[in-house]
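*Asks:* Take this sequence and fold it.
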Amino acid sequence: MPRRGALFPTELLGDEHFRKLGPGEQLLFMKLWVSPNLNGAGIDALQLGKWGRGFTPHASEAEMREVLAGLEAHNNWVLADYDTEEILVVPFIRLDSCKQPQMYQNACRSVQTVQSAYLRDKAFEQVLIVHPPPVRLGKSARAEEIRQELVDRNEAAYQELYRFIESRADSSPSSPSSASTTTTSSTTYVPPRRVPEGFPKGCSEEGCSDPPAPGSDHCPWHGGAR
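*Replies:* Numbers count the residues shown, from 1 in each chain. Take a look at the predicted model:
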């Protein structure tokens, strides 16, 4: 079912990496973020012609492919699979879907429906960054009981997704053809695993509480790899 509404994360408007994107790249990214068909995993259909008609003046498919290539080249804001005709808005799970328990659980289910093995694993990497997401309620006994129930549901959704990813780990999909490459890469892509025990949960940037990217002590927006 299409989303009725969406909120664009205002913190991106001041993000130095986002500001370095061109006007067309920023506009396309924002349009993708608020797309009514974007699912909880940050996946939408790859529709270059439709996106181009949403620009003023209208952009051709070739022009949209160039804009998309720019978004992919700059820190992987989005990733596209032209074979399955899907696109992943990379930071969507981290900046949106993890904010509420039901949204997070939906995101875990949505990752399993992604046709592209490459994009599915990339979405799972974002789940690894945020899991377990914080659940904040009041301090009463009843609130704590509800909080624990939500935490347990989040963990159950994550475990189901993890088993799903593990069951497909032997397929070792290759990186798909993208806007910047016309042929499928021969480089074998290794599906992500669990974040190691003891992995830091807070970005080392002063004043930032976002979780760091795997293998880094900074979140993706402060130097950690997306």
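*Asks:* Quick check, pLDDT for the residue positioned nearest the centre of the chain.
*Replies:* Averaging the C-alpha coordinates of the chain gives a centre point, and the residue nearest to it by CA atoms, centre = their mean is Val90 (3.2 Å). Model confidence at Val90, expressed as pLDDT, equals 95.
*Asks:* Ala141 now?
*Replies:* 89.
*Asks:* any idea how far Leu95 is from Thr10?
*Replies:* Separation of Leu95 from Thr10 (CB to CB, to the nearest Å) stands at 10 Å. To be clear about C-beta, it is placed using only N, CA and C from the backbone, and glycine gets the same treatment.
*Asks:* pretty sure the residue nearest to the centre of the chain is touching Glu72, no?
*Replies:* No - the pair Val90 / Glu72 is not scored as a contact, 9.5 Å apart, by CB atoms under 8 Å.
*Asks:* Can you tell me which helices and strands whichever helix or strand Gln148 is part of packs against?
*Replies:* Secondary structure from DSSP states H and E places Gln148 in helix 141-167. Using 3 or more CB pairs under 8 Å, 6 or more residues apart in numbering; DSSP states H and E as the contact test, the elements touching helix 141-167 are helix 101-111, helix 117-130.
*Asks:* Go through that helix and flag the buried ones.
*Replies:* Of all the residues in helix 141-167, those buried under the rule 16 or more other CB atoms under 10 Å are 147, 150, 154, 157-158, 161-162, 165.
*Asks:* Next: stretch 62-69.
*Replies:* Residues 64-69 are the ones in stretch 62-69 that count as buried (16+ other CB under 10 Å).
*Asks:* one step back: comparing Leu95 and Thr10, which residue is more hemmed in?
*Replies:* The residue with more neighbours, out of Leu95 and Thr10 and counting by other CB atoms under 10 Å, is Leu95; that gives 21 against 7.
*Asks:* burial of the spatially closest residue to that one that is not a sequence neighbour, as a residue count?
*Replies:* For Leu95, ignoring the flanking residues on the chain, the nearest one in space by CB to CB, 6 or more residues apart in numbering is Pro9 at 4.8 Å. Residues near Pro9, counting by other CB under 10 Å, number 15.
*Asks:* ok so, going back, with distance to Leu38, mean neighbour count and mean pLDDT added, can I get the helices and strands packed on helix 141-167 in a markdown table?
*Replies:* Converted to a markdown table, the helices and strands packed on helix 141-167 look like this (distance: least, CB to CB, whole Å; neighbours: other CB atoms under 10 Å; pLDDT from 0 to 100):
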| stretch | distance to Leu38 | mean neighbour count | mean pLDDT |
| --- | --- | --- | --- |
| helix 101-111 | 10 | 21 | 97 |
| helix 117-130 | 12 | 23 | 94 |
